[in-house]
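Student: here's a sequence, model it:
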Amino acid sequence: MYMSFANDVSYLVDNKIIVLAEHQSTVNPNMPLRCLEYVTRLYEHIQNPRDRYSRTLKKIPLPTFYVFYNGVEKLPAKQVLKLSDSFIMQSETQSLELVVKLININYDKDSQILKSCEPLGQYSRFVDAVRRHIAVDKEHGFENAIKECIKNNILREYLQRKSREVVNMLIAEYDYDTDIAVQRQESLMLGIQQGEARGSRQKALETAKTMLTMGYPLNDICKISGLSQAEIEALK
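Tutor: Residues are numbered from 1 along each chain as shown. Predicted coordinates for the structure are as follows:
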């Protein structure tokens, strides 16, 4: 997806169903709003822009939304998140609704999906092992959890090949709050830069308009404003 913050997984099934799945280690009741943004972008991407103005009904894939949660905060095994819950005003008949199915994949929840999907079940057991070992030994907890899982045939092949990458990933995830703080700072700086760029362009446009009304030659306007000839001619 062409967004600064992409969703975790999205795929199209037989050109009929769009599945959007998110993996969350923190409680986030705003997932329906995020999913609304994601699926809107996806529809824009897969649909011909002209279709929305057609006189005939254009069919689109049915969207389904899932969140797989394995954070430490207590949540039920299953939960339904609704976009309408975030509306400031409530109504008996909502004009817009989006439903996200949250599935708790923590090992102690014994979710049915962990039984039917072996890799996901093993991942859940791996996360459980990491938490247990970190609680005892923060310095070597990650490595000890990996050793335990390899010994017990939990994600063995993957962990044997990628143990160093997994440790680095876990350490980065462990410092989640710092990562979010950095992202927010970067977003703030980007917003400031974009605002300055818009202000600079607006000033250039105003200068060009003034020079046009005063009868300056086109070449002089281009040099002083920094705009192209086509941009200036569009102002006429």
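Student: Ser111 touches Gln79, doesn't it?
Tutor: No. Because the distance of 11.8 Å does not satisfy CB atoms under 8 Å, Ser111 is recorded as not touching Gln79. The way it works is simple: take the backbone N, C-alpha and C, and place the C-beta from them, glycine included.
Student: mind listing the shared neighbours of the two?
Tutor: Asn104 (CB atoms under 8 Å, 6 or more residues apart in numbering).
Student: which one of those two is surrounded by more residues?
Tutor: With neighbours defined as other CB atoms under 10 Å, Ser111 and Gln79 compare such that Ser111 has more, 20 against 14.
Student: who's in contact with the more buried one?
Tutor: Ala77, Lys78, Ile103, Asn104, Ile105.
Student: what's the spacing between Pro61 and Ala21?
Tutor: In this structure, Pro61 and Ala21 are 15 Å apart, going by CB to CB, to the nearest Å.
Student: same question, Asn152
Tutor: Here Asn152 is placed at a distance of 27 Å from Ala21 (CB to CB).
Student: so these two - more neighbours on which side?
Tutor: Set side by side, Asn152 and Ala21 show unequal neighbour counts under other CB under 10 Å, the larger going to Ala21 at 17 against 13.
Student: got a pLDDT number for the closest residue to Ser86 other than its chain neighbours?
Tutor: Closest residue to Ser86 apart from its sequence neighbours, by CB to CB, 6 or more residues apart in numbering: Leu33 at 6.2 Å. Per-residue pLDDT puts Leu33 at 94.
Student: any idea which element Leu33 lies in?
Tutor: Under DSSP states H and E, the secondary-structure element containing Leu33 is helix 31-46.
Student: pull out the buried residues from that helix.
Tutor: When burial is assessed from 16 or more other CB atoms under 10 Å, helix 31-46 yields the following buried residues: Met31, Pro32, Arg34, Cys35, Leu36, Tyr38, Val39, Arg41, Leu42.
Student: repeat for stretch 217-227
Tutor: Using 16+ other CB under 10 Å as the burial criterion, the residues of stretch 217-227 that qualify are Ile221, Cys222, Ser225, Leu227.
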